[in-house]
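[1] got a sequence here, can you build the structure:
(one chain, ligands or ions: 2)
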Amino acid sequence: MNDGILAEPLIYRRQNGTPHLLINKGYPFPFAYKTGSSYAGKQVSELGLAVLPEKVSHLDQPQENIQMGFKVTDQHVDEYYRNGFTIFRELIPASLLSDLREMADQGLTVARELNGPQAQRLQPIIKHIECKPYFDLLELQSLRDAVELILGEGIYHDRPPNGDDPVAGILYHPQQKPWCTQWHRDWRDNVADLDINVWKERQLDWRIFNQVNCALYEDHCTWVVPGSHLRDDTRAEAKRFPDRPIPRPDFGELEAAEAELQGLAYCRSMPGAVQAQLNAGDYMLYRNSLWHLGNYCHYKKRATIHDGIWTESFWKWFQEHPKQPDGKKEMMNPNR
Ligand SMILES: O=C(O)CCC(=O)C(=O)O
Ligand SMILES: [Fe+2]
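    Ligands and ions are numbered 1, 2, ... in the order given. Take a look at the predicted model:
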C-alpha cells in the first residue's frame with residue numbers, strides 16, 4: 001500500500017516491437033521525460049520512449065479535410081501504459097457498425113430469454129448468436145495495427161488456440177431499473193479461490209489482463225481510476241473498501257431514479273474515479289487490473305462488445321488460474 005505516490009515509477013520502451021518495462025527508481029512520476037533529457041546516461045530519445053505528438057486541432061481546418069476513421073499513434077501507446085486505458089475513436093466504419101448492431105439486437109433477445117428483463121450481458125456470444133460481424137471487427141487492419149503497436153507481437157488476433165472463445169460478450173442496458181457492479185480489479189476482487197499474491201506478481205505482465213469495451217452506441221457506463229494498474233491500492237482506496245468481497249451499491253427496493261443517483265454517488269465515492277466516455281464506434285482497450293466498474297442505466301440503450309485480448313500466457317492463466325495454496329475458497333483480502 002502507498003499514499004498514491006508510486007514508489008517505483010515505471011517507464012517503458014519498445015524493444016523489437018515489444019513493450020518493455022524499465023523499473024526506474026527515483027524517476028519523477030508521471031513520466032517526466034522529455035526528448036533530449038537523459039536516463040542512465042543515455043539520451044531519452046535513444047531509449048525509444050513514446051513522445052507525445054503535437055496536438056492536432058481540427059478547428060482551423062476546412063470541413064472536407066477532417067479525417068474520419070481511426071489510426072493508432074504513439075499517444076495511444078503512452079496512454080495505455082500510463083493510464084491503463086486508451087480509446088480508439090471512430091474505429092468501426094458505418095456499414096460494420098450497422099451489422100454489429102443487428103447482431104447485438106439478436107443477442108439482447110437471447111440474453112433476456114435466458115436471464116430475464118434485468119439481464120446485463122450475453123457471454124459468450126459465439127454460443128448463442130451468429131457472430132460474423134464480430135469476426136469482421138477483429139479483422140479490421142487499423143485495429144490489428146493498434147493492438148500490435150501497443151502490446152507487441154504474439155497476440156491471437158481472433159480467437160484463443162482452441163478456436164472457441166469463452167469470453168467475447170456483449171454488455172446491455174437492463175430493462176427496468178439501474179444496476180451497478182462493485183468497484184474491482186478483475187481476478188483479484190472477483191475470483192474467490194485465486195492466490196492474489198501470484199496475481200500481484202503478474203500485475204505488470206502486459207501479456208495478460210488486457211480487456212476491451214467496444215461501444216456500438218454511446219456508452220458512459222464504465223468508470224476507472226487512471227494509473228491504478230501500476231500500483232497497489234492507496235491508503236484511501238483501502239479505507240474505502242477494506243473488506244472482501246467488495247459490496248455493490250445496495251439498491252434494494254429503491255425507485256429507479258433514486259437507485260440511479262445512488263449508483264452515481266457510489267461511482268464517485270472512489271478517490272480519483274473518472275467516467276470513460278465512449279461514443280458509437282469507439283473501442284476502449286484497458287487493463288482489467290485497473291480499478292473499474294460498470295454502472296448500468298436502464299433508459300439508455302447499451303450494446304458494448306466486451307472482450308479480452310488473447311495471448312499464450314493469458315490463455316494459460318485463463319485455463320488454470322493460480323489457486324490459494326491452502327485450498328481456501330474464501331476471497332483473500334489485499335488489505336490484510
Ligand atoms: O460494464 C462494464 O463496463 C464493466 C464490466 C466489468 O468490469 C466486468 O465484467 O468485470
Ligand atoms: Fe471488470
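
[2] tell me which element residue 86 falls in.
    When elements are defined using DSSP states H and E, residue 86 is found to belong to strand 85-88.

[3] which strands or helices does that strand pack on?
    Using 3 or more Cβ pairs under 8 Å, 6 or more residues apart in numbering; DSSP states H and E as the contact criterion, the secondary-structure elements in contact with strand 85-88 are helix 74-83, helix 141-151, strand 283-287. For every residue, glycine as well, the C-beta is placed using N, CA and C.

[4] do that again at 6 Å, thanks
    Contact here means 3 or more Cβ pairs under 6 Å, 6 or more residues apart in numbering; DSSP states H and E; on that basis strand 85-88 packs against helix 74-83, strand 283-287.

[5] of these, which stretch is the most buried?
    Most buried of the helices and strands packed on strand 85-88 by mean neighbour count (mean count of other Cβ atoms under 10 Å) is strand 283-287; its value is a mean of 24.

[6] returning to that earlier point: check whether the strand holding residue 86 contacts ligand 1.
    No - contact check for strand 85-88 against ligand 1, using Cβ under 6 Å from any ligand atom: none in range, with a minimum separation of 11.2 Å.

[7] list the buried ones in the helix or strand following that strand?
    Per DSSP H and E, strand 85-88 leads on to helix 94-115 as the next helix or strand towards the C-terminus. For helix 94-115, burial by neighbour count (16 or more other Cβ atoms under 10 Å) applies to 96-97, 99-101, 103-104, 106-108, 110-112.

[8] just how off-centre is helix 94-115 within its chain?
    Between the centre of helix 94-115 and the centre of its host chain there is 21 Å, according to Cα atoms, centre = their mean, to the nearest Å.

[9] that one near ligand 1 anywhere?
    No - using Cβ under 6 Å from any ligand atom as the criterion, no contacts between helix 94-115 and ligand 1 are found, and the smallest distance is 13.6 Å.

[10] now stretch 282-295
    Yes - in this structure, stretch 282-295 sits against ligand 1 according to Cβ under 6 Å from any ligand atom; the contacting residues are 292, 294.

[11] distance between the ends of that stretch?
    End-to-end span of stretch 282-295 (Cα to Cα, to the nearest Å): 18 Å.

[12] any idea how far it is from the middle of the chain?
    Centroid displacement of stretch 282-295 relative to its chain, using Cα atoms, centre = their mean, is 3 Å.

[13] would you mark the buried spots in stretch 209-222?
    Counting neighbours by 16+ other Cβ under 10 Å, one finds that the buried residues in stretch 209-222 are 209-219, 221-222.

[14] sorry, wrong one. I was asking about stretch 328-336.
    Of the residues in stretch 328-336, 331-332, 334 count as buried by neighbour count, 16+ other Cβ under 10 Å.

[15] please export the C-alpha coordinates of the strand holding residue 86 as CSV.
    Included here for strand 85-88 are C-alpha records, laid out as CSV according to Å, rounded to 0.1, in the frame of the first residue of the first chain:
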residue,chain,number,x,y,z
PHE,A,85,-6.6,2.5,-20.8
THR,A,86,-6.8,4.1,-24.2
ILE,A,87,-9.7,4.7,-26.7
PHE,A,88,-9.5,4.1,-30.4
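
[16] check which helix or strand covers residue 211.
    Assigned by DSSP H and E, residue 211 falls within strand 210-215.

[17] now the angle between helix 141-151 and that strand, please.
    Using axes from the mean of the first three to the mean of the last three Cα atoms, to 10 degrees, the interaxial angle of strand 210-215 with respect to helix 141-151 works out to 150 degrees.

[18] name the residues linked to residue 121 by a beta bridge.
    Under DSSP bridges, the beta-bridge partners of residue 121 are residue 171.

[19] touching, it and residue 168? I think so.
    No - when contacts are counted by Cβ atoms under 6 Å, residue 121 is not listed as touching residue 168 (11.1 Å).

[20] settle it for me: which of the two has more neighbours?
    Summary of the neighbour comparison: residue 121 and residue 168, criterion other Cβ atoms under 10 Å, with residue 168 having more neighbours (25 against 19).

[21] do you know how far the more buried one is from residue 103?
    11 Å (Cβ to Cβ, to the nearest Å).

[22] ok, now residue 179?
    Separation of residue 179 from residue 103 (Cβ to Cβ) stands at 23 Å.

[23] who in this structure is up against ligand 1?
    Checking the chain against ligand 1 by Cβ under 6 Å from any ligand atom, the hits are 171, 181, 186, 213, 221-222, 292, 294.

[24] now the two most distant members of the residues you listed.
    186 and 221 (15.8 Å; Cβ to Cβ).

[25] I'd like the average pLDDT over the strand holding residue 86.
    Mean pLDDT, computed over strand 85-88, is 97.

[26] where are the low-confidence patches of the protein?
    1-67, 157-158 (pLDDT under 70).

[27] spatially central residue for it, please.
    When the chain is reduced to its mean C-alpha position, the closest residue under Cα atoms, centre = their mean turns out to be residue 286, at 2.6 Å.
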